[in-house]
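Engineer: Here you go, sequence then predicted model.
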2 protein chains.
Amino acid sequence: MANIPLPETNLPRIVIIGGGFAGIELIKSLKKEKVQIILLDRHNYHTFQPLLYQVATGGLEPDSIATPFRTIFEGYSNLFFRMAEVKTIHREAKCVSTNIGDVKYDYLVIATGSRTNYFGIEGLRESAMPLKTIPQALDLRSLMLQNFEKALLISDLEERNSRLNIVVVGGGPTGVEISGALAELKTHVLPHDYPELDFRKMSIYLIEANERVLAGMSEWSSRKSKKFLENLGVEVWTGISVKNYEGRKVLLSNDKTLQSHTLIWTAGVMGNLVDGLADITVRGNRIDVDEFLSVRNSTDIFALGDCAGIKSDTYPNGLPGVAPVAVQQGQYLGKRLKAIFRNKEVKPFKYTNKGTMATVGRNKAVVDMKGFHTQGFFAWWIWMFVHIMYLVSFRNRIVVLVNWVWHYISYDKAIRLIIRPYIKG
Amino acid sequence: MANIPLPETNLPRIVIIGGGFAGIELIKSLKKEKVQIILLDRHNYHTFQPLLYQVATGGLEPDSIATPFRTIFEGYSNLFFRMAEVKTIHREAKCVSTNIGDVKYDYLVIATGSRTNYFGIEGLRESAMPLKTIPQALDLRSLMLQNFEKALLISDLEERNSRLNIVVVGGGPTGVEISGALAELKTHVLPHDYPELDFRKMSIYLIEANERVLAGMSEWSSRKSKKFLENLGVEVWTGISVKNYEGRKVLLSNDKTLQSHTLIWTAGVMGNLVDGLADITVRGNRIDVDEFLSVRNSTDIFALGDCAGIKSDTYPNGLPGVAPVAVQQGQYLGKRLKAIFRNKEVKPFKYTNKGTMATVGRNKAVVDMKGFHTQGFFAWWIWMFVHIMYLVSFRNRIVVLVNWVWHYISYDKAIRLIIRPYIKG
């Protein structure tokens, strides 16, 4: 394929694949550097993934958590964005192949994030709903609403309830947060929307294979969040995994089955890799990088964020796939590249865990910070403040805040729209 | 097909097809009436069509101009909504067939609105972009952004400019308003987004077959709005129609051609009818109704809004397909049905034209009211006030207002997102 047209230059060219948290922080830190940066992403916008679950549950418009790259990087004279899906990396030729053409690089940064991992269970791949992108969040929103509309047409009670029930698999922050949001919908919204349906019969299950939810947080936060969820009516089942699902029946590891037309899968991710990296892949389909974020045995390729396989003493299985890790790695690589251009040295990357948090329902959260835990209403304020501050554009901050205030006053989740009906398969 | 499950009742059943302005006003006026109302619509939300063009041009989220029917009709104990696509009306059997089953009626109200009319030109049907629904507005937004992204990959200048050019056909309010919004994008937004493209080469054409734009308004407003558009850089060509289009070249009635990958078609609508009405259809695919909005020679079927063919002395070709007509007809039929139930008489329907208006660009509008015209900045305030007040939910009013204030301060149209890429065909 032909090369993608790009301005000719004598400056070093850095090609970045993926405009997630890591990619955009790296570009920001190189704003004034004399380089040519090419950002490749299959979307024309950055997604604020931590709030995807609010899009799926009708709390936020998709547009409020997405920011076009061209808005973020307005005024960056060294940045060239191309909307492209990367197919293969040719390391010998220092070239990346995409659906719109090839692009050569001097330095390559792989920041492709993670994708859903179904651990080889075919039924899940076919019928479970993932929650990693905005189109997926909209599909989930449509599917749940379509199921409620269909329930009205069904007289068989068991079949009808299986349209109402929702099974969330995976007790990490996403699973906990969406379970809480669904429980609030069940209590405050759906009975008004559908007076013909009996939502007391609706069950929301949260299934976690570990012995506790939020296994990445303190035991205290796990206990508290489980309690919050149970108070909201969520059935939290820990130490249990899903063996199979064919679109209606969920088969569990304890050989019980649950009836549900909606299974939300947040139980596993793997590096979202492209072709040409098989020999440098480690556990979890991540790329093997050293403590400077260089790909092993390479001087011109780096990996960042969810797709980078980097361990530390605190995290022997690799750093968690969360936004703060990606942000810090993007900033670190910016510094390091500047040092490379000036023949200087930098210290190895070190992740500083400033805290982890998850919200449960309409006004509770759990927050772990260094030597400090908090839970409940105050934690929820911290959660809101942090999420508003990290949102990428000022307009998005205002619109999200307006929606949150509105939900809080009205108990409403206004955006119960089926814009594009979800069609399975 | 089986009947759609609905609560059994001895009350008269009114089936309403379509939840546009006419349908929802009718339901509101029957809130306390002892009837069983069945609302059928293929979407689960009401669309505020007058602002669709702002969704297409990145100014508003789709969610801000849509309101779920279940939100609008919360607390209506006599209303049952079913999301369904109506296929056929069986007048003899007093029954409506839909994709989810059949439903019998005592009274039937057809309020199916209008759909795009390409006047039999096959090329337009295949390649032009209509603007009647939210998915269509999102497709148009995606297509324009995709064309700009593709223009970056094209070295041939003519081919590149044809990706930038936009041809709007139809000089009614929608055509005028979207042309103005596109001109603002061209001036204030796109050059910042795409510094690599020369947007001085981008042409925005507004093609109108009549001798003037806004032919439904005063000549004074036509002249003013044309001048506003030309000041913004829109090429307004009146007295010219489109003969054909195959996705890239627009062939005009004066045998000139324009090069554009985007043709927005707002030049014609026709009644959006279902099967079973052919013998009672009049000009424009509308339903033949008498001055009481009863379908000709029928006592149990009514038609409202864009799909009702009703003439008056002022409108010998039929009433215009605008929201105020639909709203007044919905309210009128509410009164009339109540009178029918009580064996009373009502006067014939009479449309009161309270005024017409259109906005041009970021802070201008033209307004015609009885014995009163105004234009420019003051008219724009009237336009904004009226549109905010008519929006269906309080949340939507706030969110739209926040976005408008934001655009006005920042010159930004933030929502330049390709959420679902548009694929032709």
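Structural biologist: Right, received. Where do you want to start?
Engineer: Verify the contact between A:V176 and A:L229 for me.
Structural biologist: Yes - taking CB atoms under 8 Å as the definition, A:V176 is a contact partner of A:L229 at 6.8 Å. Every residue, glycine included, has its C-beta placed from N, CA and C.
Engineer: pLDDT averaged over the helix or strand harbouring A:S142 - what is it?
Structural biologist: Assigned by DSSP states H and E, A:S142 belongs to helix A:134-151. For helix A:134-151, the mean per-residue pLDDT is 97.
Engineer: by contact count, what packs against that helix?
Structural biologist: Helices and strands touching helix A:134-151, as assessed by 3 or more CB pairs under 8 Å, 6 or more residues apart in numbering or on different chains; DSSP states H and E, comprise helix A:52-56, helix A:157-164, strand A:262-265.
Engineer: Show me which positions of stretch A:134-152 end up buried.
Structural biologist: Neighbour-count burial for stretch A:134-152, counted by 16 or more other CB atoms under 10 Å in any protein chain shown, picks out A:134, A:136-149, A:151-152.
Engineer: I'd like to know how far the residue located most distally from the centre of chain A sits from chain B.
Structural biologist: Largest separation from the mean C-alpha position in chain A: A:S155, at 37.6 Å (CA atoms, centre = their mean). Distance, A:S155 to chain B, using CB to the nearest CB, to the nearest Å: 6 Å.
Engineer: got it, and A:Q375?
Structural biologist: Counting by CB to the nearest CB, the gap from A:Q375 to chain B is 30 Å.
Engineer: Spell out which residues of the stretch 51-200 of chain A are next to chain B.
Structural biologist: For the stretch 51-200 of chain A, the contact set with chain B under CB under 8 Å from any CB of the partner chain comprises A:61-64, A:66-68, A:70-71, A:74-75, A:77, A:80, A:82-83, A:100-101, A:134-135, A:138, A:145, A:149, A:152-155, A:192-196.
Engineer: For the most centrally placed residue in chain A, give me its contacts.
Structural biologist: Nearest residue to the geometric centre of chain A (CA atoms, centre = their mean): A:Q49, 4.2 Å. Each residue near A:Q49 by CB atoms under 8 Å, 6 or more residues apart in numbering or on different chains is listed here: A:20, A:132, A:323.
Engineer: Surely the last one and A:H387 touch.
Structural biologist: Just to be clear, that refers to A:A323. No - at 10.0 Å, A:A323 does not count as touching A:H387 under the criterion of CB under 8 Å.
Engineer: any idea where the helices of chain A begin and end?
Structural biologist: With DSSP state H applied, chain A shows helices at A:21-29, A:52-56, A:69-72, A:122-127, A:134-151, A:157-164, A:173-184, A:190-193, A:219-231, A:323-341, A:377-390, A:394-410, listed in chain order.
Engineer: which of those has the lowest average pLDDT?
Structural biologist: Among those, helix A:394-410 carries the lowest mean pLDDT, a mean of 82.
Engineer: quick revisit: any idea how far the residue nearest to the centre of chain A lies from chain B?
Structural biologist: Distance from A:Q49 to chain B, by CB to the nearest CB: 15 Å.
Engineer: got it, and A:F119?
Structural biologist: 29 Å.
Engineer: The closest residue in space to that residue that isn't next to it in sequence: neighbour count?
Structural biologist: Spatially, and ignoring its direct neighbours in sequence, A:F119 is nearest to A:G268 (5.9 Å; CB to CB, 6 or more residues apart in numbering or on different chains). Using other CB atoms under 10 Å in any protein chain shown, A:G268 has 19 neighbouring residues.
Engineer: Touching, A:G268 and A:S114? I think so.
Structural biologist: No - under the criterion of CB under 8 Å, A:G268 is not in contact with A:S114, lying 9.4 Å apart.
Engineer: Out of the helices and strands packed on helix A:134-151, flag the one nearest B:I14.
Structural biologist: For B:I14, the closest of those is helix A:157-164, at 26.4 Å, according to CB to CB.
Engineer: Most neighbours among the contacts of A:Q49, please name it.
Structural biologist: With neighbours taken as other CB under 10 Å, the top of the contacts of A:Q49 is A:G20, carrying 25 neighbours.
Engineer: just checking, that one touches A:S114?
Structural biologist: No - under the criterion of CB under 8 Å, A:G20 is not in contact with A:S114, lying 9.4 Å apart.
Engineer: Spit out the residues that contact these two alike.
Structural biologist: Common neighbours of A:G20 and A:S114 (CB under 8 Å, 6+ apart) are A:D306.
Engineer: Pull the number of nearby residues for the nearest residue to A:V250 once chain neighbours are set aside.
Structural biologist: In this structure, A:V250 finds its nearest non-sequential neighbour in A:L258, 4.3 Å apart by CB to CB, 6+ apart. Residues lying near A:L258 (other CB under 10 Å) number 21.
Engineer: quick one on the thing from earlier: report the angle between the helix holding A:S142 and helix A:173-184.
Structural biologist: With axes from the mean of the first three to the mean of the last three CA atoms, to 10 degrees defining the directions, helix A:134-151 sits at 30 degrees from helix A:173-184.
Engineer: what's helix A:134-151 in contact with?
Structural biologist: Helix A:134-151 is contacted from outside by A:43, A:47, A:52-53, A:55-58, A:62, A:65-66, A:129-131, A:160, A:163-164, A:166, A:190, A:193-194, A:197, A:261-262, A:264, A:415-422, B:44, B:82-83, B:419-420, using CB under 8 Å, 6+ apart.
Engineer: at 6 Å what do you get?
Structural biologist: Residues from elsewhere that reach helix A:134-151, judged by CB atoms under 6 Å, 6 or more residues apart in numbering or on different chains: A:47, A:52, A:55-56, A:62, A:66, A:129-130, A:160, A:163-164, A:194, A:197, A:261-262, A:416, A:418, A:421-422, B:83, B:419.
Engineer: Looking at strand pairing, list the partners for A:V242.
Structural biologist: A:L252 (DSSP bridges).
Engineer: quick one: it from B:V189, how far?
Structural biologist: According to CB to CB, to the nearest Å, A:V242 stands 46 Å off from B:V189.
Engineer: Repeat that for A:P12.
Structural biologist: Per CB to CB, A:P12 is found 31 Å from B:V189.
Engineer: Please say which of the two ends up with more neighbours.
Structural biologist: When neighbours are counted by other CB under 10 Å, A:P12 and B:V189 differ, and B:V189 comes out ahead with 23 against 17.
Engineer: sorry, back to before: can you tell me which of the contacts of A:Q49 lies nearest to A:S222?
Structural biologist: When the contacts of A:Q49 are compared for distance to A:S222 (CB to CB), A:A323 wins out at 20.6 Å.
Engineer: ok, which stretches of the stretch 1-150 of chain A are strands?
Structural biologist: With strands called from DSSP state E, counting those that start in this stretch, the stretch 1-150 of chain A shows them at A:13-17, A:36-41, A:45-47, A:66-68, A:79-83, A:86-90, A:95-98, A:101-104, A:107-110, A:114-116.
Engineer: So which of these is nearest B:D368?
Structural biologist: Proximity to B:D368 (CB to CB) singles out strand A:66-68 among those, at 37.5 Å.
Engineer: which helices and strands sit right next to the closest one?
Structural biologist: Under the contact criterion of 3 or more CB pairs under 6 Å, 6 or more residues apart in numbering or on different chains; DSSP states H and E, strand A:66-68 touches strand A:45-47.
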